[in-house]
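**Q** How does the following fold in three dimensions:
(one chain, ligands or ions: 1)
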Amino acid sequence: MTETTETHPVFSVRNLWKVFGPKADRIPENKEYAGLDAAELRARTGCTAAVRDVTFDVRKGEVFVVMGLSGSGKSTLVRCLTRLIEPTAGTLLMDGEDVRAMDKTRLRELRRHRVSMVFQNFGLLPHRSVIDNVAYGLEIQGRSREERRAVAAEMVEKVGLEGLGERRPGQLSGGQQQRVGLARALAVDPEVMLFDEPFSALDPLIRRDMQEEVIRLHREEGRTMVFITHDLSEALRLGDRIALMRDGEIVQLGTPEQIVANPADDYVRDFVRDVPRDQVISVRRAMRPAEPADATASGAELPPKALVSEAIETVARTGEPVRVVADGELIGVVGHAELLAVVAGLDEEVPAEAGQDGPEDREVATV
Ligand SMILES: Nc1ncnc2c1ncn2[C@@H]1O[C@H](COP(=O)(O)OP(=O)(O)OP(=O)(O)O)[C@@H](O)[C@H]1O
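**A** Have a look, this model is predicted:
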């Protein structure tokens, strides 16, 4: 995963709503309706608030995962980003430009050149070859046949389908078809790639391969990605940050570590209950601060971002606490007690209201 920095956001979303149903516009501005839960709102107004007052940024170069159970609003939210679904209310900027104010031409350009999408059902054209499917977006852009085929051939190779360019999609396995989808999205060299549950139809091993593929492509190119999934392990594996949705709202937004170590409420806590904590939580969070006496102690060293699982192995092997060292300086120590506390889930911090939670530790959905 990439280190994300505080550069300008690619997408900047503020108080976004999407309401389906009669006279949807009245819902966001009406305080009484806006406060109702999904069932009450439907009963009183016939409307569904699929996205409800959502605020977040997608940072340049990050993998931003939108996670939630079926019906929580993930697809609707992500389709709002390019106005495949028209938002009902709120502000939506891409690179500082107001997407809701774009005319048809500008919007078409956004969808053809700047943002591309990978779907669960692949969305391939069955009568075209792999190469021509991959070249499709370039064709729509009006690029020459020669150029299209050259770029497509390069992309086919990039996603590991060399030699299969002349086949039809029906002659490929599910995983290979999704690689075609991936190559097609990459071919237009978009600023952002949106993935709508792209791997959920694939069997677990192929799915794992495809996740590795996305991680590899992301590492190589650093492209901004927004990835929808209902699968927590996929979210944890891929996400630099995860927005966890429930009933159209973002209930928590943070790094995998923040969400697992510091769930915002009981719903999130329940969601992450079975996550192997030692594989998500870093020694920075687990360690106790270094004391003067530690300066002369021996022990193996690990960087702060090393995972607790790694520290457990090191402590087991050496029989000594691990020294956590950043830029040559000893900043903390992890031994049996700290590691067991993580594994047993006893390391959760006191909620922010009690004044113990650092601002960088808990990132809430509202800014
Ligand atoms: N066109 C529509 N008209 C009315 N309601 C809709 C429409 N599209 C979606 N909804 C409702 O909005 C809510 C959110 O749906 P959405 O498809 O965004 O959820 P999701 O989290 O992507 O679900 P899944 O994982 O099943 O795809 C659901 O209650 C759904 O029934």
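
**Q** residue of the stretch 251-367 of the chain with the smallest distance to the ligand?
**A** Proximity of the stretch 251-367 of the chain to the ligand (C-beta to the nearest ligand atom) peaks at V251, 13.0 Å away. For glycine as for every other residue, the C-beta is placed from the backbone atoms N, C-alpha and C.

**Q** The stretch 151-300 of the chain too?
**A** H230 (5.1 Å).

**Q** For the stretch 151-300 of the chain, list the residues in contact with the ligand, please.
**A** Within the stretch 151-300 of the chain, the positions lying close to the ligand (C-beta under 6 Å from any ligand atom) are H230.

**Q** which SS class is the residue nearest the centre of the chain?
**A** Nearest to the geometric centre of the chain sits V65, at 1.6 Å (C-alpha atoms, centre = their mean). Three-state call for V65 (DSSP: H, G, I helix; E, B strand; the rest coil): strand.

**Q** ok, now which ones touch it?
**A** V226, F227, I228, T229, E234, A235, L238, G239, R241, I242, A243 (C-beta atoms under 8 Å, 6 or more residues apart in numbering).

**Q** try it again with 10 Å
**A** Residues in contact with V65 (C-beta atoms under 10 Å, 6 or more residues apart in numbering) are 74, 195, 225-229, 231-232, 234-244, 256.

**Q** quick one: which of those residues sit in strands?
**A** Using DSSP state E, the subset of the contacts of V65 located in strands is F195, M225, V226, F227, I228, T229, R241, I242, A243, L244.

**Q** Any chance of a markdown table for the residues you listed, columns distance to V58?
**A** As requested, the ones in strands among the contacts of V65 are arranged in a markdown table below (distance: C-beta to C-beta, whole Å):
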| residue | distance to V58 |
| --- | --- |
| F195 | 13 |
| M225 | 9 |
| V226 | 6 |
| F227 | 11 |
| I228 | 13 |
| T229 | 15 |
| R241 | 9 |
| I242 | 12 |
| A243 | 9 |
| L244 | 15 |
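
**Q** Extract the CA atoms of stretch 167-180 and return them as CSV.
**A** What follows is stretch 167-180, C-alpha atoms only, in CSV (Å, rounded to 0.1, in the frame of the first residue of the first chain):
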residue,chain,number,x,y,z
ARG,A,167,-9.7,-14.8,-28.5
ARG,A,168,-13.3,-13.9,-27.8
PRO,A,169,-14.4,-13.2,-24.2
GLY,A,170,-16.4,-16.5,-24.1
GLN,A,171,-13.2,-18.4,-24.7
LEU,A,172,-11.7,-17.1,-21.4
SER,A,173,-12.1,-18.0,-17.8
GLY,A,174,-13.8,-15.6,-15.4
GLY,A,175,-10.5,-14.4,-14.0
GLN,A,176,-9.1,-13.9,-17.5
GLN,A,177,-12.3,-12.0,-18.5
GLN,A,178,-11.8,-9.7,-15.5
ARG,A,179,-8.2,-9.1,-16.6
VAL,A,180,-9.6,-7.9,-19.9
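
**Q** buried set for it?
**A** P169, L172, G175, Q176, Q177, Q178, R179, V180 (16 or more other C-beta atoms under 10 Å).

**Q** and what of stretch 226-234?
**A** Residues of stretch 226-234 classed as buried: V226, F227, I228, T229, H230, D231, L232, E234 (neighbour count, 16+ other C-beta under 10 Å).

**Q** and what of stretch 318-334?
**A** Residues P321, V322, R323, V324, V325, L330, I331, G332, V333, V334 are the ones in stretch 318-334 that count as buried (16+ other C-beta under 10 Å).

**Q** Let me know the closest of the buried residues of stretch 167-180 to D53.
**A** Taking C-beta to C-beta as the measure, D53 lies nearest Q178 of the buried residues of stretch 167-180, at 33.6 Å.

**Q** right, and that closest one touches L172 too?
**A** Yes - counting by C-beta atoms under 10 Å, L172 is a contact partner of Q178 at 9.3 Å.

**Q** Can you check which residues contact both of these two?
**A** Listed as contacting both Q178 and L172 by C-beta under 10 Å, 6+ apart are F122, L124.

**Q** Please enumerate the helices of the stretch 151-300 of the chain.
**A** 174-187, 204-221, 232-238, 256-261, 266-271, 283-286 (DSSP state H, counting those that start in this stretch).

**Q** Lowest mean pLDDT across these, which one is that?
**A** With a mean of 87, helix 204-221 has the lowest mean pLDDT of these.

**Q** How is the protein partitioned into domains?
**A** Domain assignment of the chain by automatic domain parsing yields the ranges 53-271, 282-346.

**Q** Any stretches of the protein with poor pLDDT?
**A** In the predicted model, the chain carries pLDDT under 70 at residues 1-7, 348-367.

**Q** can you give me the strands in it?
**A** With DSSP E as the criterion, the chain has strands at 9-20, 48-59, 63-68, 89-94, 97-98, 115-119, 192-196, 224-229, 241-246, 249-254, 288-289, 301-302, 322-326, 329-334.

**Q** can I get those in TSV with distance to N30?
**A** Listed next are those as TSV, based on distance: least, C-beta to C-beta, whole Å:
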stretch	distance to N30
strand 9-20	11
strand 48-59	11
strand 63-68	25
strand 89-94	11
strand 97-98	24
strand 115-119	32
strand 192-196	31
strand 224-229	29
strand 241-246	22
strand 249-254	17
strand 288-289	50
strand 301-302	53
strand 322-326	51
strand 329-334	51
